[in-house]
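Trainee: below: sequence and its predicted model.
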Amino acid sequence: MLTGWKSTEIAGKSADVFETSRSAARFALIYLHGVGQESLADKPVYTKLLGEMGFNCVCPRGDQAWWSDRVCSSFDSKLTAERFVIDDVLRWIRDSWAFGPRGVGIFGVSMGGQGALRIAFKHPAIFPVVAAIAPAIDYHQRYGEGTPLDEMYDSKEQCRQDTALMHIHPREQPRQIFFCCDPDDEEWHRGNDRLHEKMTALGVAHECDLTTRAGGHTWTYYDSVAERVLRFLAAGLDQESRRLL
């Protein structure tokens, strides 16, 4: 675990927490991990940028629940990962750091990237600023492969209906949206392209990068886009903090 990080418990579940060395943090971020459940606590690129930009950050553990509002027994027998983020993680941030509305952004990689998008699409008033790195949009394609998804959903179609793509509201969206995916990410790039197409058709303001090549679905790519992603989150949260309504 790198300098600035510590382990804690939130609602009885483990999480890694970063506190900036600045005298006062500007904003807080919630980072949602991928299927491999990697925290940012041992990622030097992200740790350096969080400190430089004055972010506090929480990396909760969500097992392989896909950050959905469906019960996943390997995560919890009753609590869903989505409700854990919205109810427990946000409360911990507000109680510990006194960040109020518009002071917290959400982002993630792969499984966590799609989770961040879906949660923000469903709750734009809570998360008006969201970013996703290589989000696994079409995760319903993994239904039937013996993963927790088989327990969480009754069918592949039911799973598809719960993807981020299906939760885009035509009138209410996060005001600051960014996602990116390497063209060499063969499993997930097409889903990101479809997301871009749908959002464009609906007139949903967003930024995306679906052309930069830097290693496919790997931490090499995630690290390469880290500064762009965190600067987007910082700018978005700064803009939100200045809103009167």
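Mentor: Arrived safely, thanks for sending.
Trainee: which SS class is the closest residue to I137 other than its chain neighbours?
Mentor: Of all residues not flanking I137 in the chain, G191 sits nearest, at 3.2 Å (CB to CB, 6 or more residues apart in numbering). From N, CA and C alone the C-beta is placed, and that goes for glycine too. Here G191 is recorded as helix under DSSP: H, G, I helix; E, B strand; the rest coil.
Trainee: residues near G191, how many?
Mentor: G191 is flanked by 22 other residues according to other CB atoms under 10 Å.
Trainee: and it, what is it in contact with?
Mentor: By CB atoms under 8 Å, 6 or more residues apart in numbering, G191 lies in contact with 135-138, 163, 165.
Trainee: in a markdown table, list those residues along with distance to M152 and pLDDT.
Mentor: Compiled in a markdown table, the contacts of G191 are given as follows (distance: CB to CB, whole Å; pLDDT from 0 to 100):
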| residue | distance to M152 | pLDDT |
| --- | --- | --- |
| P135 | 18 | 98 |
| A136 | 15 | 98 |
| I137 | 17 | 98 |
| D138 | 16 | 98 |
| T163 | 13 | 98 |
| L165 | 18 | 96 |
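Trainee: could you dump those to JSON lines with distance to T20, secondary structure and neighbour count?
Mentor: Output for the contacts of G191, formatted as JSON lines (distance: CB to CB, whole Å; DSSP: H, G, I helix; E, B strand; the rest coil; neighbours: other CB atoms under 10 Å):
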{"residue": "P135", "distance to T20": "26", "secondary structure": "coil", "neighbour count": "30"}
{"residue": "A136", "distance to T20": "29", "secondary structure": "coil", "neighbour count": "29"}
{"residue": "I137", "distance to T20": "31", "secondary structure": "coil", "neighbour count": "25"}
{"residue": "D138", "distance to T20": "35", "secondary structure": "coil", "neighbour count": "21"}
{"residue": "T163", "distance to T20": "34", "secondary structure": "coil", "neighbour count": "23"}
{"residue": "L165", "distance to T20": "34", "secondary structure": "helix", "neighbour count": "22"}
